[in-house]
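*Asks:* Sharing a model that was predicted from the sequence below.
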There are 4 protein chains.
Amino acid sequence: MSPKVSQAYKEERKAIILEGALHCFIEKGFQATTIDDIVRHLGISKGAIYSYFASKEEMYIQMADDKMNAMLENSTELFKTMPSAADQVRYMYGRFRNQSLNELRRWMAFHLEFMLYAARQPHLTERWNEYADKALVFIQDIMDGGKQTGEFRSDLDSAAAARLFWSIRDGLALQYMLSGEEADYRRTIDDMESMVFRYMLS
Amino acid sequence: MSPKVSQAYKEERKAIILEGALHCFIEKGFQATTIDDIVRHLGISKGAIYSYFASKEEMYIQMADDKMNAMLENSTELFKTMPSAADQVRYMYGRFRNQSLNELRRWMAFHLEFMLYAARQPHLTERWNEYADKALVFIQDIMDGGKQTGEFRSDLDSAAAARLFWSIRDGLALQYMLSGEEADYRRTIDDMESMVFRYMLS
Amino acid sequence: MSPKVSQAYKEERKAIILEGALHCFIEKGFQATTIDDIVRHLGISKGAIYSYFASKEEMYIQMADDKMNAMLENSTELFKTMPSAADQVRYMYGRFRNQSLNELRRWMAFHLEFMLYAARQPHLTERWNEYADKALVFIQDIMDGGKQTGEFRSDLDSAAAARLFWSIRDGLALQYMLSGEEADYRRTIDDMESMVFRYMLS
Amino acid sequence: MSPKVSQAYKEERKAIILEGALHCFIEKGFQATTIDDIVRHLGISKGAIYSYFASKEEMYIQMADDKMNAMLENSTELFKTMPSAADQVRYMYGRFRNQSLNELRRWMAFHLEFMLYAARQPHLTERWNEYADKALVFIQDIMDGGKQTGEFRSDLDSAAAARLFWSIRDGLALQYMLSGEEADYRRTIDDMESMVFRYMLS
DNA sequence: TATGAATGAGAATTCATTCAT
DNA sequence: GATGAATGAATTCTCATTCAT
């Protein structure tokens, strides 16, 4: 009648599986990763995975949820102690710069693949849009903060600026996805950053 | 006297097949589209397809080649009668603006999916990079022209500017890939355009 | 508690599949036998076969390995209690004689077909040559033993004699492959045997 | 009503096609050779082939017929001017020796493949046996000749000797089919020859 | 709960043969 | 007669998911 194992145990188990699956997805891509790959990587059984997740897709969704929430929570927390909106934007660019091109490529591939996959499946499109909105609002809030403190120009359309922020960031990642040198990449980030600042200030 | 058909017939046939395949790829995605889907859609036999194209991949490559060449040829031709580099850049943004969001989404999804696919297959990565290079050089040439005529600032790094141009364009497409309104999309293009111009002039 | 079956079970399963495959190969030939034929014959699923053997080729290789090893092990064991090299050679001819012509034909056809197939595929050619070498060395060792005991002439080239031994044996099988009577076959074996002995003694 | 082209033209055409097909079969094997290979090699159309031969198999059979007849006719003709049976046998060994190992391998593969193919098809088995009988009788006749002239021992079983002759020859070819050096091959032919002579004389 | 062997519906690609021109 | 584009059944191999133990 009562569960044989604690809820905590189950959560832990799920987390471990998700971690292993993420590793594989990033390594080979979602479609190319087989359940056997995950099983081999984790050293557990196929059945174990299926007793926690209904399908490969389910794992994917869970993973994206977790990742997005973690990102938002971390940054929100941090920004409480960072009063300047400009600093916050600079911090974001610092994050981009600190990521190696290799890391970026792997992550971007995973990210894009999910988006594409979502684009074909109505029930996922909605979910994806939630993520996108959260990310947008997150930056928009910074922009609004900057307008209030007078750091950014008062007529800045913060929604548009947020769109622009992510567009530039995603486009950059896309540009360097398959080719390009680490040094060029970093230089382009700098260019982007200064361009964005000029846009927000002037 | 014989089915030794004309070259024109063959070209036409290839074009028809490519068109049908593109339809399916856009509908379901490159990987999700099976040869049977294409065959069914076109009402021809599997063999017919394979007598014109060695593989599904080959079809994509042909499509991308065609599209890229058409883009370059059209623009090159047109730009002969358009002496101002700034006008040329403006023309490019006009093209982006003229594409409906729907069109953009379909094409972008297909395009990205293949990029992802190519990223996992060395022989395709190279091919993909060739396209990227061509597109980059195309813009870079415009930038160089603008520097010579004095339209753009003389210390502009035209290679970097070309990267930036495409990054912004791709990022924008990515942003609007799954959500966003047509009107917002156009407005963001305008923002991007003015931002890029500011970058090239100041 | 679990389907984590014993190693013995797996070995048994492999053996069953191999047996079924051999049956089909002998019936229809290696190339003409489809995986579906084997599946139908065994009443199992395609996947089951592929979880034990990576390919049709792999099955053949396994079969050939098993057969060769069994042959070598049996004989080696037996020959420990058979000091005379001449007796050992006679024993080998006895084995040939004990095989029914029908058995020989089926086995030979299968065997040859794979050789032909291997001849066109470098990675298999090597494998095939290993078998041939093992068989050659096996007889060569007998010949060397016979020279030491003085049973065979001291100037016998044992490598050449081994080649000759198998050539005659294979040629005989080939001759009777499609036609000929059981009685003739046995008589020719006798002829061959006496001819070979004369060669080794004189 | 009357044929548009002469019978002679047709025969010539068939011969050309057969020659081209043989070239391909020897190069790649019967099963591995596609009609397209033959068409490409000959520079004619698929339809042309099918208007002369009903199937790939038909070509194969015709080819084997021709080859066997040519071999027999040539040798029979030659042997009219070669009174010694021993010389005739020596001549045959000379032929084997004059064939390069490479040539032998290709030819043997073709030969064997047909045999194997024939073994699975009753209507071809019969035909194959006819060839084999012809070859057997051809040697048997030499043996009988040698007995009459006193060159070979009078109690020689010429049918058995003919079997033996071909067995040794085929076995040798088989032995060297996939591996072995040219020099070894020739030496083994010599060994075989002397062994066979000893058998016929002693 | 955990296990992993088994399933079987596909997937891409090949090629002998046909037949309209 | 000649041509070669078109056909489509057949083939090998994959992999998400199930379920008996």
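*Replies:* Yes, it's here.
*Asks:* now the helices for chain A?
*Replies:* Taking DSSP state H as the criterion, chain A contains helices spanning A:7-28, A:35-42, A:46-52, A:56-79, A:85-98, A:101-119, A:122-149, A:158-175, A:182-201.
*Asks:* Which one, of these, ends up nearest to C:Leu136?
*Replies:* Closest to C:Leu136 of these is helix A:35-42 (CB to CB; 41.0 Å). Every residue, glycine included, has its C-beta placed from N, CA and C.
*Asks:* which secondary structure elements does that closest one contact?
*Replies:* Here helix A:35-42 touches helix A:7-28, helix A:46-52, going by 3 or more CB pairs under 8 Å, 6 or more residues apart in numbering or on different chains; DSSP states H and E.
*Asks:* got the helices of chain A as TSV, with distance to DNA strand E, mean pLDDT and mean neighbour count columns?
*Replies:* Output for these, formatted as TSV (distance: least, CB to the nearest atom of the strand, whole Å; pLDDT from 0 to 100; neighbours: other CB atoms under 10 Å in any protein chain shown):
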stretch	distance to DNA strand E	mean pLDDT	mean neighbour count
helix A:7-28	6	90	16
helix A:35-42	7	95	16
helix A:46-52	2	94	14
helix A:56-79	14	87	15
helix A:85-98	37	94	16
helix A:101-119	16	84	19
helix A:122-149	20	89	17
helix A:158-175	26	90	23
helix A:182-201	34	90	16
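*Asks:* would you turn these into TSV with distance to B:Met63?
*Replies:* Putting the helices of chain A into TSV (distance: least, CB to CB, whole Å) gives the following:
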stretch	distance to B:Met63
helix A:7-28	26
helix A:35-42	31
helix A:46-52	38
helix A:56-79	28
helix A:85-98	33
helix A:101-119	17
helix A:122-149	25
helix A:158-175	19
helix A:182-201	29
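*Asks:* Please name whichever of the ones you listed is nearest to D:Arg169.
*Replies:* helix A:35-42 (52.1 Å).
*Asks:* The closest one and DNA strand F, are they touching?
*Replies:* Yes: using CB under 7 Å from any atom of the strand, we find that helix A:35-42 touches DNA strand F at A:35-36.
*Asks:* and the residue of chain A found nearest chain C, how far is that from C:Leu116?
*Replies:* Per CB to the nearest CB, A:Ser45 is where chain A lies closest to chain C, at 8.5 Å. Separation of A:Ser45 from C:Leu116 (CB to CB, to the nearest Å): 43 Å.
*Asks:* ditto for A:Leu116
*Replies:* Distance from A:Leu116 to C:Leu116, by CB to CB: 47 Å.
*Asks:* what's the answer for A:His111, then?
*Replies:* Counting by CB to CB - A:His111 and C:Leu116 are separated by 52 Å.
*Asks:* again with A:Arg127
*Replies:* From A:Arg127 to C:Leu116 the distance is 57 Å (CB to CB).
*Asks:* now A:Ser167
*Replies:* Distance, A:Ser167 to C:Leu116, using CB to CB: 62 Å.
*Asks:* and what of A:Leu78?
*Replies:* 70 Å.
*Asks:* before we move on, what about A:Ile35?
*Replies:* In terms of CB to CB, A:Ile35 sits 39 Å off from C:Leu116.
*Asks:* for A:Leu18, same thing?
*Replies:* Separation of A:Leu18 from C:Leu116 (CB to CB): 52 Å.
*Asks:* Can you pull the domain assignment for chain A?
*Replies:* A:1-59, A:84-201 (automatic domain parsing).
*Asks:* will you turn those into TSV that also has distance to D:Gln7?
*Replies:* Converted to TSV, these look like this (distance: least, CB to CB, whole Å):
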stretch	distance to D:Gln7
domain A:1-59	62
domain A:84-201	65
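*Asks:* For D:Leu72, which of these is the nearest?
*Replies:* Once the domains of chain A are compared by CB to CB, domain A:1-59 is nearest, at 60.2 Å.
*Asks:* what's the spacing between the closest one and its chain's center?
*Replies:* Taking CA atoms, centre = their mean, to the nearest Å, one finds domain A:1-59 lying 20 Å from the centre of the chain it belongs to.
*Asks:* May I have the phi/psi pair for the closest residue to chain D within chain A?
*Replies:* Using CB to the nearest CB, the closest approach of chain A to chain D is made by A:Ala32 at 32.1 Å. Dihedral pair for A:Ala32: phi -70, psi -20, per degrees, to the nearest 10.
*Asks:* who touches it in this structure?
*Replies:* B:Arg120 (CB atoms under 8 Å, 6 or more residues apart in numbering or on different chains).
*Asks:* before we move on, what about A:Asp133?
*Replies:* By CB under 8 Å, 6+ apart, A:Asp133 lies in contact with B:Ser179.
*Asks:* Spit out the contact partners of A:Leu42.
*Replies:* A:16-17, A:20.
*Asks:* what do you get for A:Ala162?
*Replies:* Here A:Ala162 is in contact with A:136-140, A:143 (CB under 8 Å, 6+ apart).
*Asks:* Mind doing that once more with 7 Å?
*Replies:* A:136, A:139-140, A:143 (CB atoms under 7 Å, 6 or more residues apart in numbering or on different chains).
*Asks:* D:Val89: which of these is nearest?
*Replies:* Closest to D:Val89 out of the contacts of A:Ala162 is A:Leu136 (94.3 Å), distances taken as CB to CB.
*Asks:* Once you drop chain neighbours, what's closest to the closest one?
*Replies:* A:Ala162 (4.9 Å; CB to CB, 6 or more residues apart in numbering or on different chains).
*Asks:* State the distance from that neighbour to DNA strand F.
*Replies:* 36 Å (CB to the nearest atom of the strand, to the nearest Å).
*Asks:* same check, this time on A:Ser84
*Replies:* In terms of CB to the nearest atom of the strand, A:Ser84 sits 47 Å off from DNA strand F.
*Asks:* what's around that residue, how many residues?
*Replies:* Residues near A:Ser84, counting by other CB atoms under 10 Å in any protein chain shown, number 15.
*Asks:* contacting residues for the residue nearest to it when sequence neighbours are not counted?
*Replies:* Nearest residue to A:Ser84 in three dimensions, chain neighbours excluded: A:Glu151, at 6.5 Å (CB to CB, 6+ apart). In this structure, A:Glu151 makes contact with A:84-86, judged by CB under 7 Å, 6+ apart.
*Asks:* got those as a markdown table, with distance to C:Ala132 columns?
*Replies:* Below are the contacts of A:Glu151 laid out as a markdown table (distance: CB to CB, whole Å):
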| residue | distance to C:Ala132 |
| --- | --- |
| A:Ser84 | 80 |
| A:Ala85 | 79 |
| A:Ala86 | 78 |
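*Asks:* So the residue most central in space within chain A versus chain B, what's the distance?
*Replies:* The centre of chain A sits closest to A:Met68, judged by CA atoms, centre = their mean, with a distance of 5.5 Å. For A:Met68, the distance to chain B (CB to the nearest CB, to the nearest Å) stands at 14 Å.
*Asks:* For that residue, give me its contacts.
*Replies:* So A:Met68 contacts A:131, A:134 (CB under 7 Å, 6+ apart).
*Asks:* closest one to B:His41 among the domains of chain A?
*Replies:* domain A:84-201 (17.0 Å).
*Asks:* That closest one: end-to-end distance?
*Replies:* From its first residue to its last, domain A:84-201 covers 14 Å (CA to CA, to the nearest Å).
*Asks:* so how far is it off the chain centroid?
*Replies:* On CA atoms, centre = their mean, the centre of domain A:84-201 falls 10 Å from that of its chain.
*Asks:* No further queries at this time; thank you.
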